[in-house]
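[1] Here is my input, please return the structure:
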Amino acid sequence: MRMTCQACGAEMSLEVCGADENWRKFAAAFAKLPCGLQSPALQYIALFRPQKRRLTAARALRIINELNELVAGEYLRTGDGPVRRCPPEVWAAAMMSMAEKDPPLKRPMKNHNYLKKVAWDLAGKGGAETAGETRLVSTETWWDEVLASVKHKILPEAYHQWFEPLILVSKNRVEVTIAVPDAEFKKGFAKNFAEFLEAEIADILGKFMMLNIDVVGMR
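    Sure, this is the predicted structure:
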């Protein structure tokens with residue numbers, strides 16, 4: 001049985017597809033996309049296909065892995081603009097907008113910068129309440145006090161690497177939400193500094209606050 005990939009344009013048998021390690025990894029990564037993103041993602045990935053060549057399995061795998069990491073973050077920020085909540089339906093709408101653009105976008109796409117811009121713009125339509133925009137609150141005095149306390153307790157290199165990139169997103173009665181640059185940073189920070197930061201926040205605010213760490217798509 002032969003099949004044509006909607007994303008890369010390749011024609012192959014199911015047997016060949018299953019035997020290729022990169023295509024198997026692509027299928028596994030594709031299945032990890034949030035519900036509702038699979039069809040838009042296929043059309044979006046097709047934008048990376050060269051005009052006269054097929055998209056290689058290795059390139060498709062790299063793109064789908066980057067997509068998974070990008071859409072995993074609940075918040076998105078571009079440039080110096082505000083952080084905006086970007087759920088899967090916003091990413092889906094952004095991908096479809098690009099795939100259906102008239103006149104079509106020039107292929108092949110090189111990176112995901114335009115996708116992030118479109119998604120950020122869509123997230124901002126309709127006002128902050130309806131679009132999920134989150135205003136930065138990093139100028140709050142208590143957060144500055146927390147960072148100042150941290151800075152005096154750890155090495156300058158560690159502060160520069162792990163705390164300068166942090167963005168304070170929001171605070172309610174029980175939880176503080178911060179945003180970090182990427183998933184790998186989140187993993188390392190959660191392992192090495194999350195409990196320490198919670199203790200520092202508790203010292204400044206006078207009560208324990210749960211720390212929530214999100215990823216901002218700002219690469």
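[2] After the lengthiest helix in the chain, which helix or strand is next?
    Using DSSP state H to define each element, the chain has its longest helix at helix 57-72. Sequence order places strand 75-76 as the next helix or strand after helix 57-72, per DSSP states H and E.
[3] Please name the spatially closest residue to Trp120 (chain neighbours excluded).
    Thr78 (4.7 Å; CB to CB, 6 or more residues apart in numbering). Quick note: C-beta positions are derived from backbone N, CA and C, even for glycine.
[4] Name the helix or strand for Leu211, please.
    strand 210-217.
[5] ok now that strand, how far from the chain's centre?
    Strand 210-217 has its C-alpha centroid displaced from the chain centroid by 11 Å (CA atoms, centre = their mean, to the nearest Å).
[6] name the helices or strands packed onto it?
    Here strand 210-217 touches strand 75-76, strand 175-180, helix 183-192, helix 194-205, going by 3 or more CB pairs under 8 Å, 6 or more residues apart in numbering; DSSP states H and E.
[7] The first one: what's the following helix or strand?
    Moving toward the C-terminus from strand 75-76, the next helix or strand (DSSP H and E) is strand 83-85.
[8] Adjacent strands (with direction) for that next one?
    Applying DSSP bridges, strand 83-85 is found paired with strand 75-76 (antiparallel), strand 133-134 (antiparallel).
[9] Show me how the record splits the protein into domains.
    The chain is divided into the following domains under automatic domain parsing: 2-134, 141-217.
[10] weakest of those in terms of mean pLDDT?
    When the domains of the chain are compared by mean pLDDT, domain 2-134 comes last with a mean of 79.
[11] gap between it and the chain center?
    12 Å.
[12] would you put the C-alpha positions of stretch 86-104 in CSV?
    Extracted in CSV, the C-alpha atoms of stretch 86-104 (Å, rounded to 0.1, in the frame of the first residue of the first chain):
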residue,chain,number,x,y,z
CYS,A,86,-1.7,31.0,23.9
PRO,A,87,-3.8,27.8,24.2
PRO,A,88,-3.8,25.1,21.5
GLU,A,89,-6.7,26.6,19.6
VAL,A,90,-4.8,29.8,19.1
TRP,A,91,-1.8,27.8,17.7
ALA,A,92,-4.2,25.9,15.4
ALA,A,93,-5.8,29.1,14.1
ALA,A,94,-2.3,30.6,13.5
MET,A,95,-1.2,27.5,11.5
MET,A,96,-4.3,27.5,9.4
SER,A,97,-4.1,31.2,8.7
MET,A,98,-0.6,30.7,7.4
ALA,A,99,-1.5,27.6,5.4
GLU,A,100,-4.5,29.3,3.7
LYS,A,101,-2.8,32.7,3.2
ASP,A,102,-3.6,34.2,-0.2
PRO,A,103,-1.3,34.8,-1.9
PRO,A,104,0.6,31.7,-0.5
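[13] so who does the most centrally placed residue in the chain touch?
    Centroid-nearest residue in the chain: Leu70, 2.8 Å away (criterion: CA atoms, centre = their mean). Contact criterion CB atoms under 8 Å, 6 or more residues apart in numbering gives 91, 112, 115-116, 217 as the residues in contact with Leu70.
[14] Write down the beta-bridge partners of Val180, one by one.
    Going by DSSP bridges, Val180 forms beta bridges with Val215.
[15] quick one: it from Gly206, how far?
    Distance, Val180 to Gly206, by CB to CB, to the nearest Å: 26 Å.
[16] will you turn the contacts of Leu70 into CSV that also has distance to Ala194?
    CSV is the format used below for those (distance: CB to CB, whole Å):
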residue, distance to Ala194
Trp91, 27
His112, 28
Leu115, 30
Lys116, 26
Gly217, 21
